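> Generate a structure from the sequence data that follows.
(4 chains)
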Number of protein chains: 2
Amino acid sequence: MSDQTTCQRDARPRRLILAGAHRQPGYCLSCGIRAQSVCSVIDDDDIARLAETAVETLVLPGRTFIEEGAPATDFYNITSGNVKLFKALPDGRRQITGFATTGHFLGLAVSDQYAFGAEAMDTVRLCRFSRARMRQLMDDFPRLERRLLAEASNELVAAQNQMLLLGRKTARERVASFLLERVREVPNPSEDVPLPMTRSDMADYLGLTIETVSRTLSWMRTERLVAIGKGHTVRITAMERLEALAAGEAA
Amino acid sequence: MSDQTTCQRDARPRRLILAGAHRQPGYCLSCGIRAQSVCSVIDDDDIARLAETAVETLVLPGRTFIEEGAPATDFYNITSGNVKLFKALPDGRRQITGFATTGHFLGLAVSDQYAFGAEAMDTVRLCRFSRARMRQLMDDFPRLERRLLAEASNELVAAQNQMLLLGRKTARERVASFLLERVREVPNPSEDVPLPMTRSDMADYLGLTIETVSRTLSWMRTERLVAIGKGHTVRITAMERLEALAAGEAA
DNA sequence: AAAAGACATTGATTCAGATCAATTCAGCCC
DNA sequence: GGGCTGAATTGATCTGAATCAATGTCTTTT
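Next comes the predicted model:
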């Protein structure tokens, strides 16, 4: 993380790598900076062609860096940090469609407008490509396209799960599902699960109000399903029952 | 449509084509039968390698041909007909995550289980590939992979819209959004829009009950927003107002 | 044409979650 | 520590859509 300061265009990296799923350290495909988790190694000889159009950006917490409906000019790869993706209605109602973190690609759209907004939840570092550049990169590196297709497929599965949640699950089932989704982010299921978002974000993600989220968490505490810790953490204390609840198997 | 009877493996087609978005007639990539709407032309010389592993299947109305949670062995391309995709909870609650028709690909998943079920709404004709075969096809024909990525991107956008609908829209807004989605399927917005699904399907798609769907359509009729025709058709009579309602701009 | 069955509409009532309204709590900055 | 501010919790009440319950309308079968 020490050399993860700004975009080092001139400092030729040895290998050019994409931040992403495989969680091994390497260099960002676009800007060549060292990133924490990466995949899709591309060999040395390609560097010259690639290290050109790189733009690395630092986004401050709370900043909306993709505006829903704006012309979709760029394509992003998150190098570090957490992002919430959302859609909104004119009267302010909001639906968070997902959370994205290190390695995620954003802005993949066939349309010429962004279909969603994106806001930084903490300090976010990302690499920005033009869409033309992206197309070129996909032509040059079929692995990138394969990778994007895999990511899109996974997101589609997640989206289908979320549709089931929003369309058919009760408040308790929704919160249980959400907590289990968060648990999958930590290595050990019995340790504290960080919830790096506000109650308002949870509500907008789950199609509920902050009051209902709060009440439901309180209910889970009295039912000994979870222990609510200080500073936005939760520990699961009855995994089986929580899983049954999330799956809609409750009485 | 005349020669669209069964899979004609031995009858060598002149060109091998993928059913899909471009809406031009041609031959199915996998089995070589003539399909109504196709794209992604692949040149003659590839036929020998391709026409092998073809399996064409005819699916009767109401038949579930992809079972949620079953091993994801195959990959499908719909040659004709309409399909509903859904997820279900153990107690029978159901969420339809989308409708698929001619040209759609199904079963694209990184996981080894199908994330959703698929049921034929009418007589459906489809081509089945093994997943190994699919991988090979993608290697041989980069256009196919490009095409799948575009389709996945579009579906992702649709899924995000649906999440906003399910999480934050009222019953009236949901039904209005649904009708406008259907209108986009017909060439002329003022003509009759077919609704080839039952009230129950609409309810399971919109996260409502059949009663609420029915009541809402009746309300729209009395408000002169739509005219409800015989045999599952609707005509929009106040497009502007319906669009405002769907967008959540109502008073 | 009548009977059966599935689908759709309409009405009465209930209820889960929203809304409105106070507190209470957790950081933070002096 | 003591105020300050935004977030979270808890309580009281309301309401949109669900549920329960007929009734009506197509389609298919014989």
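> The residue sitting nearest the centre point of chain A sits in which helix or strand?
Among the residues of chain A, the one closest to the centroid is A:Ala100, at 0.8 Å (Cα atoms, centre = their mean). Per DSSP states H and E: A:Ala100 is located in strand A:94-101.
> what about that strand and chain B, any contact?
Yes: among the residues of strand A:94-101, A:Arg94, A:Gln95, A:Thr97 lie within reach of chain B under Cβ under 8 Å from any Cβ of the partner chain. C-betas here are computed from N, CA, C, even on glycine.
> quick one, what contacts the first one?
By that I understand A:Arg94. A:Phe86, A:Lys87, A:Ala88, A:Asp204, B:Arg168 (Cβ atoms under 8 Å, 6 or more residues apart in numbering or on different chains).
> Quick one: which of the residues you listed is the most crowded by neighbours?
For the contacts of A:Arg94, counting by other Cβ atoms under 10 Å in any protein chain shown, the largest number of neighbours falls to A:Asp204: 25 neighbours.
> how near is that one to DNA strand C?
Distance, A:Asp204 to DNA strand C, using Cβ to the nearest atom of the strand, to the nearest Å: 10 Å.
> mind checking the SS state of that residue?
helix (DSSP: H, G, I helix; E, B strand; the rest coil).
> The stretch 51-200 of chain A against chain B: which residues are in contact?
By Cβ under 8 Å from any Cβ, the part of the stretch 51-200 of chain A that sits against chain B consists of A:85, A:87, A:89-91, A:93-95, A:97, A:108-111, A:115-116, A:138, A:142, A:145-146, A:148-150, A:152-157, A:159-164, A:166-169.
> Filter these down to the buried ones.
By neighbour count, with 16 or more other Cβ atoms under 10 Å in any protein chain shown, these hold A:85, A:87, A:93-95, A:97, A:108-109, A:115-116, A:138, A:145-146, A:148-150, A:152-157, A:159-164, A:166-169 as buried.
> In strands only, show me the residues you listed.
Among these, DSSP state E puts A:Leu85, A:Lys87, A:Arg94, A:Gln95, A:Thr97 in strands.
> my guess is the last one meets A:Phe116, correct?
Right, A:Thr97. Yes: counting by Cβ atoms under 8 Å, A:Thr97 touches A:Phe116, with 5.9 Å between them.
> Common neighbours of the two, please.
Common neighbours of A:Thr97 and A:Phe116 (Cβ under 8 Å, 6+ apart) are A:Leu85, A:Phe86, A:Lys87, B:Gln160.
> Just send the residues you listed back as JSON lines, with pLDDT and distance to DNA strand D too.
Output for those, formatted as JSON lines (pLDDT from 0 to 100; distance: Cβ to the nearest atom of the strand, whole Å):
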{"residue": "A:Leu85", "pLDDT": "97", "distance to DNA strand D": "19"}
{"residue": "A:Phe86", "pLDDT": "97", "distance to DNA strand D": "16"}
{"residue": "A:Lys87", "pLDDT": "97", "distance to DNA strand D": "18"}
{"residue": "B:Gln160", "pLDDT": "97", "distance to DNA strand D": "20"}
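> Of these, which is the nearest to B:Ile210?
Closest approach to B:Ile210 among the shared contacts of A:Thr97 and A:Phe116 (Cβ to Cβ): B:Gln160, at 26.0 Å.
> Spit out the contact partners of that closest one.
Contacts of B:Gln160 by Cβ under 8 Å, 6+ apart are A:Leu85, A:Lys87, A:Thr97, A:Ala115, A:Phe116, A:Ala159.
> Looking at the contacts of A:Arg94, which is nearest DNA strand C?
Nearest to DNA strand C, judged by Cβ to the nearest atom of the strand, of the contacts of A:Arg94 is B:Arg168 at 9.2 Å.
> Once you drop chain neighbours, what's closest to A:Phe99?
A:Lys84 (5.6 Å; Cβ to Cβ, 6 or more residues apart in numbering or on different chains).
> And the pLDDT at that neighbour?
At A:Lys84, the model reports a pLDDT of 96.
> That one and A:Val124 touch, don't they?
No: the pair A:Lys84 / A:Val124 is not scored as a contact, 10.5 Å apart, by Cβ under 8 Å.
> looking just at contacts, which helices and strands does the helix or strand just after the strand holding A:Ala100 meet?
Counting by DSSP H and E, the next helix or strand C-terminal to strand A:94-101 is strand A:105-106. For strand A:105-106, the packing partners by 3 or more Cβ pairs under 8 Å, 6 or more residues apart in numbering or on different chains; DSSP states H and E come out as strand A:74-80.
> ok so, going back, can you lay out the shared contacts of A:Thr97 and A:Phe116 as CSV showing distance to DNA strand C?
Below are the shared contacts of A:Thr97 and A:Phe116 laid out as CSV (distance: Cβ to the nearest atom of the strand, whole Å):
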residue, distance to DNA strand C
A:Leu85, 20
A:Phe86, 16
A:Lys87, 17
B:Gln160, 19
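> Pick the one among the residues you listed closest to B:Ala247.
A:Lys87 (11.6 Å).
> tell me the contacts of the closest one?
Neighbour list for A:Lys87: A:Glu68, A:Arg94, A:Gln95, A:Thr97, A:Ala115, A:Phe116, A:Gly117, B:Gln160, B:Asn161, B:Met163, B:Leu164 [criterion: Cβ under 8 Å, 6+ apart].
> Equivalent analysis for A:Val175, please.
So A:Val175 contacts A:Met202, A:Leu206, A:Leu208, A:Val213, A:Thr216, A:Leu217, A:Met220 (Cβ under 8 Å, 6+ apart).
> The last one: what's it in contact with?
Contact partners of A:Met220, counting by Cβ under 8 Å, 6+ apart, are A:Arg172, A:Val175, A:Ala176, A:Val226, A:Leu242.
> Name the nearest residue to the first one, sequence neighbours excluded.
In other words, A:Arg172. Once flanking residues are discounted, A:Arg172 sits nearest to A:Thr216: 5.7 Å by Cβ to Cβ, 6+ apart.
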